[in-house]
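Engineer: No letters, just coordinates:
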């Protein structure tokens, strides 16, 4: 069965059950706080933030958790013990329980670290093109 197509982040959030909607709204707001000026988009059927023409961070709600992507090894290492209460699958996904407090400070930090990683990646690409 194909996933529903959403025209906007607001459409995605509106389609969630009430309990999930409130949580993911707070999650997305925390990610936006870490990426001021980023454009909210739907990519791969889930909410994302785009900056500099590239998607920097994604989030999605599931039955009992929400996830934030991509979590690189450098990002996980930089966050250290702050991620201990949450699940990292080793493949780029950090899972948070859908119930309980939304870790706004941590999510904001994840967005900022992802932005820095993406900027560094862009610099490396430019340097490689000049060679």
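Structural biologist: In hand now; what should we look at? The model shown is predicted, which means the values in this text are computed figures rather than measured ones. Numbering: from 1, shown residues only.
Engineer: Would you map the strands across this structure?
Structural biologist: For the chain, strands defined by DSSP state E occupy the ranges 39-43, 46-51, 54-61, 65-69, 87-88, 94-97.
Engineer: Can you add distance to residue 28, mean pLDDT and mean neighbour count and give the ones you listed back as TSV?
Structural biologist: Using the backbone N, CA and C atoms, a C-beta is placed for each residue, glycine as well. Output for those, formatted as TSV (distance: least, Cβ to Cβ, whole Å; pLDDT from 0 to 100; neighbours: other Cβ atoms under 10 Å):
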stretch	distance to residue 28	mean pLDDT	mean neighbour count
strand 39-43	7	97	15
strand 46-51	6	96	20
strand 54-61	6	96	21
strand 65-69	10	97	20
strand 87-88	20	96	14
strand 94-97	13	98	19
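Engineer: mind putting those strands in TSV, distance to residue 10 included?
Structural biologist: TSV is the format used below for these (distance: least, Cβ to Cβ, whole Å):
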stretch	distance to residue 10
strand 39-43	8
strand 46-51	9
strand 54-61	14
strand 65-69	17
strand 87-88	28
strand 94-97	21
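Engineer: how close does the residue lying closest to residue 107 once chain neighbours are set aside sit to residue 110?
Structural biologist: Counting by Cβ to Cβ, 6 or more residues apart in numbering, the nearest residue to residue 107 once its immediate chain neighbours are dropped is residue 30, at 3.7 Å. Shown here: residue 30 relative to residue 110, a distance of 9 Å by Cβ to Cβ, to the nearest Å.
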